[in-house]
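[1] Generate a structure from the sequence data that follows.
(one chain, ligands or ions: 1)
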Amino acid sequence: MESHVITNTQPATHWFKAAPVEAFSVNGGACVQYKGMQIAVYHFKATNEWYASQNMCPHKMQMVLSRGLIGDTCGEPKVACPLHKRSFSLVTGQNLNGEEYAIQVYPVKVEEGFVYINVGPAEGH
Ligand code: FES
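    Residues are numbered from 1 along each chain as shown. Below you'll find the model as predicted:
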């Protein structure tokens, strides 16, 4: 009988339990802290989609993206910095103004009324 070994090549990741759904703005952003890191969380009510990114805008290193304006460009969700309106894709983190700097984005999931953010490798890995 042939046997198969299944190897999981995906590193374990840590889902940070951020807060209950009600704690977040609808059609806007909010800021949560994880180990001294500020993460902006965005809720698009029309599509009930959630996104997360670093809170710091890389243009002038300001902690402001959670107060940015959310919307989309050709269906791609984005946030515009409230200070000088640089826009970033919330899917890729890419700067949509054609400049080189980008932002870190994080996967988000909602389970049993709580918002979780995938903050990367689990500890010990
Ligand atoms: S600080 Fe965000 S666009 Fe300037």
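
[2] Show the end-to-end separation of stretch 58-78, please.
    Chord length of stretch 58-78, first to last residue, is 15 Å (CA to CA, to the nearest Å).

[3] Enumerate the residues of the chain near the ligand.
    Residues of the chain lying near the ligand by CB under 6 Å from any ligand atom: 57, 59-60, 62, 81, 83-84, 86. For the C-beta atoms, the positions are set from N, CA and C on the backbone; glycine is no exception.

[4] mind listing which of the residues you listed are in strands?
    Those of those mapping onto strands are 57, 62, per DSSP state E.

[5] quick one: which two of the residues of the chain next to the ligand are the most distant?
    62 and 86 (10.6 Å; CB to CB).

[6] Between those two, tell me which one has more neighbours.
    With neighbours defined as other CB atoms under 10 Å, residue 62 and residue 86 compare such that residue 86 has more, 20 against 15.

[7] Touching, that one and residue 57? I think so.
    Yes. With contact defined as CB atoms under 8 Å, residue 86 counts as touching residue 57 (6.6 Å).

[8] Buried subset of the residues of the chain next to the ligand, written for ChimeraX?
    Those of those that count as buried under 16 or more other CB atoms under 10 Å are selected in ChimeraX with:
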select :57,59,81,86
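
[9] which stretches of this protein aren't confidently modelled?
    Counting by pLDDT under 70, the ranges of the chain that qualify are 1-10, 124-125.

[10] 50 instead, please
    125 (pLDDT under 50).

[11] At which residues are the strands of it located?
    With strands called from DSSP E, the chain shows them at 13-20, 28-34, 37-44, 49-54, 56-57, 62-63, 69-73, 76-80, 87-89, 105-106, 108-111, 114-121.

[12] among these, which is nearest residue 98?
    strand 87-89 (10.3 Å).

[13] which other residues reach that closest one?
    For strand 87-89, contacts defined as CB atoms under 8 Å, 6 or more residues apart in numbering pick out 53, 65, 73, 76-81, 94-97, 102-103, 105.

[14] rerun that using 6 Å as the cut-off
    76, 78-80, 95-96, 103 (CB atoms under 6 Å, 6 or more residues apart in numbering).
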